[in-house]
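S.K.: I need the structure of the sequence given here:
(chains A and B)
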Amino acid sequence: NAGVTQTPKFQVLKTGQSMTLQCAQDMNHNSMYWYRQDPGMGLRLIYYSASEGTTDKGEVPNGYNVSRLNKREFSLRLESAAPSQTSVYFCAIKRANRGNYNSPLHFGNGTRLTVT
Amino acid sequence: KQEVTQIPAALSVPEGENLVLNCSFTDSAIYNLQWFRQDPGKGLTSLLLIQSSQREQTSGRLNASLDKSSGRSTLYIAASQPGDSATYLCAVNNQGGSEKLVFGKGMKLTVNP
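M.R.: Residues are numbered from 1 along each chain as shown, chains lettered A, B, ... in the order given. Model prediction:
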């Protein structure tokens, strides 16, 4: 999906290993999000960043950390991966200013993570 | 707590049919509602966004309506084509200054040639 680049596309980890999922955007949007998508559970928000330098917890933040490195980049880190973190992870962005939420979300193509 | 439901979970139709996809939500205090399309192995693509003050939005063969008081939205697809086959998701943005969208689990549509 144009505008939002996620790396890597696929990853297999062993329990206890760590890794960082990268997300970069070229649309100069303020808000960035990390979601996970699981069968039967739908999309759930992990963390989000409303602007550079700020981050907030979403619905399922446990086991994850994030960094909003600059306006373009928002990374998601798994410090000690667990099988329950096997999922598809999506980064999304939105051109939103405080108080105005009427902008669509734009998604990346996802990172497919398997933890064995 | 806001809950978003899409029924049925899957639908298979012959090409050419006009389709209505349903989305219901439990809390009518929403800021907006969005419809997305997801192709296998891909991210979500935004189709339409309806603000709480609007009743409908149109884009090409797609028309989305919003009835906030009854907690329902429909996505109408005219003259369906095999290329419309995908999973369709709706999501609501609650009022109160929330950045968070609540997603339905999606409806998998198959349009057969």
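S.K.: ok, residue 25 - how many residues close by?
M.R.: Picked chain A for this. 19 (other C-beta atoms under 10 Å in any protein chain shown). C-beta coordinates here come from the backbone N, C-alpha and C atoms, glycine included.
S.K.: Sorry, I should have been clearer: chain B.
M.R.: With other C-beta under 10 Å as criterion, B:F25 counts 23.
S.K.: can you pull out the strands in chain B?
M.R.: Taking DSSP state E as the criterion, chain B carries its strands at B:4-5, B:10-14, B:19-25, B:30-38, B:44-51, B:56-59, B:62-67, B:72-77, B:86-94, B:101-103, B:107-112.
S.K.: check whether the fifth one contacts chain A.
M.R.: Yes - using C-beta under 8 Å from any C-beta of the partner chain, a contact is recorded between strand B:44-51 and chain A, made by B:L44, B:T45, B:S46, B:L49, B:Q51.
S.K.: The third one now?
M.R.: No - applying C-beta under 8 Å from any C-beta, one finds strand B:19-25 separated from chain A by no less than 12.4 Å.
S.K.: Ends of stretch A:22-36, what's the gap?
M.R.: 14 Å (C-alpha to C-alpha, to the nearest Å).
S.K.: Then stretch A:93-111?
M.R.: End-to-end distance (C-alpha to C-alpha), stretch A:93-111: 16 Å.
S.K.: any chance of the strands of chain B in JSON lines, plus mean pLDDT?
M.R.: Formatted as JSON lines, the strands of chain B follow (pLDDT from 0 to 100):
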{"stretch": "strand B:4-5", "mean pLDDT": "96"}
{"stretch": "strand B:10-14", "mean pLDDT": "96"}
{"stretch": "strand B:19-25", "mean pLDDT": "97"}
{"stretch": "strand B:30-38", "mean pLDDT": "94"}
{"stretch": "strand B:44-51", "mean pLDDT": "94"}
{"stretch": "strand B:56-59", "mean pLDDT": "95"}
{"stretch": "strand B:62-67", "mean pLDDT": "97"}
{"stretch": "strand B:72-77", "mean pLDDT": "98"}
{"stretch": "strand B:86-94", "mean pLDDT": "94"}
{"stretch": "strand B:101-103", "mean pLDDT": "91"}
{"stretch": "strand B:107-112", "mean pLDDT": "96"}
